[in-house]
Each structure stands twice: as C-alpha cells, then as structure tokens.
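> Test case, fold it:
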Amino acid sequence: MGAQVDQTDQEIEQIARAFFIARHEGGIWETASRLLQHEFRLYARQALSMLEKRQEQIWSEAPIMASADVLEAA
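Residues are numbered from 1 along each chain as shown. A predicted model of the protein is given here:
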C-alpha cells in the first residue's frame, strides 16, 4: 500500500505542476508559494478523483454493453 500512496503523491505532484505551468506560463513551481502549490495539488486530486469515477462508471457499464452487443448479434 505504501508504494501506491507514493505513486499517487507523485502523480498529484506532477499534475499539480502541469496545471500550475499551464495557468502561470513561465512560472516556476519551486518558487511558487506553499499556499499556491497546495491549491494546485487540490486541483490535481480533484482531477484524479473525477477520472477514477469516470473509469468506475465505464467498468460498471461494460457488462451491460457486452450483453447488448451479444443480443444484437443474435
């Protein structure tokens, strides 16, 4: 579980950094205030959460879609 947490922390940091750079062109993440970095980490967590929810929705709909495909083929 520790490795998963570390990976997620790294993902959040990378996404937060990317969001920061996209919003503040030419900005340097390392020199941004802790408050600003925290804000962008929250954005990153929210983005990952939305992606996870969407993935769960896709997986929960997959059996339904597969059944519909089988019925159409018959």
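
> Next, the contact list for the closest residue to Glu11 other than its chain neighbours, please.
Nearest non-adjacent residue to Glu11, counting by C-beta to C-beta, 6 or more residues apart in numbering: Leu48, 6.7 Å away. Glycine gets a C-beta too; all of them are placed from N, C-alpha and C. With contacts defined as C-beta atoms under 8 Å, 6 or more residues apart in numbering, the neighbours of Leu48 are Thr8, Glu11, Ile12, Ile15.

> which parts of the one helix or strand Leu48 maps to are buried?
Taking DSSP states H and E as the definition, one finds Leu48 inside helix 34-73. Residues of helix 34-73 classed as buried: Leu36, Gln37, Phe40, Arg41, Ala44, Ala47 (neighbour count, 16 or more other C-beta atoms under 10 Å).

> Next one, pLDDT for the first one please.
For Leu36, the pLDDT comes out at 97.

> Give the closest residue to it in space, chain neighbours not counted.
Counting by C-beta to C-beta, 6+ apart, Leu36 lies nearest to Phe20, which is 7.4 Å off, once chain neighbours are set aside.

> close enough to count as contact, that neighbour and Gln37?
Yes - with contact defined as C-beta atoms under 8 Å, Phe20 and Gln37 form a contacting pair (7.5 Å).

> Identify the contacts common to those two.
Trp29.

> Provide a list of residue ranges in the protein with pLDDT below threshold.
Of all residues in the chain, those with pLDDT under 70 make up the ranges 1-7, 62, 64-74.

> Centre-most residue in it?
For the chain, the residue nearest the mean C-alpha position is Leu48 (2.1 Å; C-alpha atoms, centre = their mean).

> Next, work out how far apart that one and Gly27 are.
Counting by C-beta to C-beta, to the nearest Å, the separation of Leu48 from Gly27 is 22 Å.

> Equivalent analysis for Gln57, please.
Distance, Gln57 to Gly27, by C-beta to C-beta: 34 Å.

> quick one: which helix or strand includes Gly26?
For Gly26, no secondary-structure element claims it when assigned by DSSP H and E, so it is in no helix or strand.

> and it, what does it touch?
Gly26 is in contact with no residue at all, counting by C-beta under 8 Å, 6+ apart.
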